[in-house]
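S.K.: Mind looking at a prediction? Sequence and model below.
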Amino acid sequence: MLSMVIQISVNSHDCTTIGTDFVTRRAAAARQSFRMSKYKVFVMRHGEGAWTKENRFCSWVDQRLSEDGVKEALACGHLLKEAGYHLDVVFTSLLSRSIHTAWLLLEAMGQEWVPVVRTWRLNERHYGALIGLNRAEMALNHGEEQVKQWRRSYDLTPPPIDESHPYFLEIYNDRRYSTCDVSKEDLPKSESLKDVLERLQPYWDGTIVPEIKQGKLVLISGHGNSCRALLKHLEGISDADIVNVTLPTGTPILIELDENFRPTKPMQLLGDQKAIQAAIRKVEDQGKVKQRA
Ligand SMILES: O=C(O)[C@H](O)COP(=O)(O)O
């Protein structure tokens with residue numbers, strides 16, 4: 001198992017690492033505090049989605065997994081199975097790519113019976129009017145820094161989607177959004193990461209935490225930005241540091257918490273570290289005019 005569990009190593013000069021110097025500080029704090037781990041929880045971004053190949057902001061458009069995304073989800077399941085984990089409940093968003101990732105992962109673990117609970121509160125960040133647009137073209141027209149701010153800043157909200165948007169009806173006429181705990185009219189039309197955390201945190205506190213407190217091993221199959229919001233909350237990542245946190249697809253992140261739900265050690269991305277770093281670079285590169293080979 002050890003060879004597969006890679007604690008995040010950080011290099012504050014390398015923006016491809018996750019969490020940058022925040023994680024180093026967390027490691028030092030954890031060493032000093034000697035807090036005992038009481039709970040474990042897995043947070044993971046779904047496997048690669050079909051629109052990743054086209055480099056378009058997908059957000060609330062219900063794209064399915066790409067062929068690589070299917071492989072990633074199965075590989076995660078094999079990894080967790082080999083490490084001997086037994087899941088008790090999996091939480092997903094209402095989007096197919098997050099649900100399929102959970103199904104494939106459970107199938108690969110031979111734990112298909114494990115309950116899967118879906119909520120819109122784990123949906124990808126709502127990218128508003130940016131939905132469907134190509135990131136590299138946006139970088140060409142608006143600059144790479146602007147695209148980075150749209151994608152990674154904490155409190156910048158992109159322009160809202162309106163009825164003239166090509167995906168408006170597809171999203172808001174979808175029956176799944178009549179099942180939410182807020183009315184369709186009150187669902188977001190665009191969100192900052194801060195907004196994502198605000199809609200996610202009540203669900204984390206009210207539904208997920210009680211499961212973990214019962215001793216259940218929970219896996220959250222979320223999205224790049226719903227997972228970033230959750231990690232920000234759990235790890236106490238600052239508004240400034242969260243800008244440098246980019247999550248790879250299909251990589252389980254193990255978080256260990258004490259009895260007060262404070263992290264006891266740096267979060268760990270499980271898998272081959274080189275492959276994980278390459279996957280993070282790939283996601284970062286989506287916002288550049290020219291993608292690295
Ligand atoms: O919504 C999307 O397209 C992705 O899931 C996340 O995109 P981002 O990496 O640009 O935030």
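M.R.: Looks like it came in fine. The shown structure was predicted, so the numbers you read here are calculated from the model rather than taken from an experiment. Residues are numbered from 1 along each chain as shown.
S.K.: Report the contact partners of the residue of the chain found nearest the ligand.
M.R.: Going by C-beta to the nearest ligand atom, the ligand is nearest to C58 of the chain, at 3.4 Å. Just so you know, the C-beta spots here come from the backbone N, C-alpha and C atoms, and that holds for glycine as well. Listed by C-beta atoms under 8 Å, 6 or more residues apart in numbering, the contact partners of C58 are G49, W51, T52, E124, I131.
S.K.: could you redo those residues as CSV and give each row secondary structure?
M.R.: Output for those, formatted as CSV (DSSP: H, G, I helix; E, B strand; the rest coil):
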residue, secondary structure
G49, strand
W51, helix
T52, helix
E124, coil
I131, coil
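S.K.: quick one: which two of these are the most distant?
M.R.: Between any two of those, the greatest separation by C-beta to C-beta is 14.5 Å, found for T52 and I131.
S.K.: A73 is in contact with L105, isn't it?
M.R.: Yes - using C-beta atoms under 8 Å, A73 is in contact with L105, at 5.3 Å.
S.K.: Have a look at those two and say which one is more surrounded.
M.R.: L105 (31 against 27; other C-beta atoms under 10 Å).
S.K.: doesn't the more buried one fall inside a helix?
M.R.: Yes - L105 forms part of a helix when assessed by three-state DSSP.
S.K.: Which residue comes closest to it once chain neighbours are left out?
M.R.: Closest residue in space to L105, ignoring its immediate chain neighbours: G77 at 4.0 Å, by C-beta to C-beta, 6 or more residues apart in numbering.
S.K.: Could you check how far stretch 135-151 is from the centre of its chain?
M.R.: Distance of stretch 135-151 from its chain centroid, counting by C-alpha atoms, centre = their mean, to the nearest Å, is 21 Å.
S.K.: which residues are contacting that stretch?
M.R.: Everything outside stretch 135-151 that qualifies as a contact, by C-beta under 8 Å, 6+ apart, is 55-57, 127, 130, 156, 158, 243, 286-291.
S.K.: do stretch 192-203 as well
M.R.: Contact with stretch 192-203 is made by 119, 121-122, 125-126, 152-157, 188, 191, 225-226, 228-230, 232-233, 242, as judged by C-beta under 8 Å, 6+ apart.
S.K.: which of these count as buried?
M.R.: Buried residues within those, counting neighbours by 16 or more other C-beta atoms under 10 Å: 119, 121-122, 125-126, 152-154, 157, 188, 191, 225-226, 228-230, 232, 242.
S.K.: can you narrow those residues to ones near the ligand?
M.R.: The subset of the buried ones among the contacts of stretch 192-203 within reach of the ligand, by C-beta under 6 Å from any ligand atom, is N225.
S.K.: and the stretch 101-250 of the chain, which of its residues are near the ligand?
M.R.: E124, Y127, R151, H223, G224, N225.
S.K.: at 5 Å what do you get?
M.R.: Proximity of the stretch 101-250 of the chain to the ligand (C-beta under 5 Å from any ligand atom) is limited to residues E124, R151, G224.
S.K.: hmm, which of those are the buried ones?
M.R.: Buried among these (16+ other C-beta under 10 Å): E124, R151, G224.
S.K.: Surely M44 is in a strand?
M.R.: Yes - judged by three-state DSSP, M44 forms part of a strand.
S.K.: Do a quick rundown of the strands in the stretch 151-293 of the chain.
M.R.: Counting by DSSP state E, counting those that start in this stretch, the stretch 151-293 of the chain has strands at residues 218-222, 252-257, 268-270.
S.K.: okay, those in TSV with mean neighbour count and mean pLDDT next?
M.R.: Converted to TSV, the strands of the stretch 151-293 of the chain look like this (neighbours: other C-beta atoms under 10 Å; pLDDT from 0 to 100):
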stretch	mean neighbour count	mean pLDDT
strand 218-222	27	98
strand 252-257	21	98
strand 268-270	20	98
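S.K.: sec struct for F91, please.
M.R.: F91 ends up strand, using three-state DSSP.
S.K.: Helices along this protein, start to end?
M.R.: Taking DSSP state H, the helices of the chain run over residues 20-33, 67-82, 96-109, 135-142, 144-152, 168-172, 193-203, 209-213, 224-235, 273-285.
S.K.: Of all the residues in stretch 160-171, which ones are buried?
M.R.: In stretch 160-171, counting by 16+ other C-beta under 10 Å, buried: I161, H165, I171.
S.K.: where does this structure have low pLDDT?
M.R.: Within the chain, the stretches with pLDDT under 70 are 1-34, 291-293.
S.K.: let's see 90
M.R.: Scanning the chain for pLDDT under 90 picks out the ranges 1-35, 53, 290-293.
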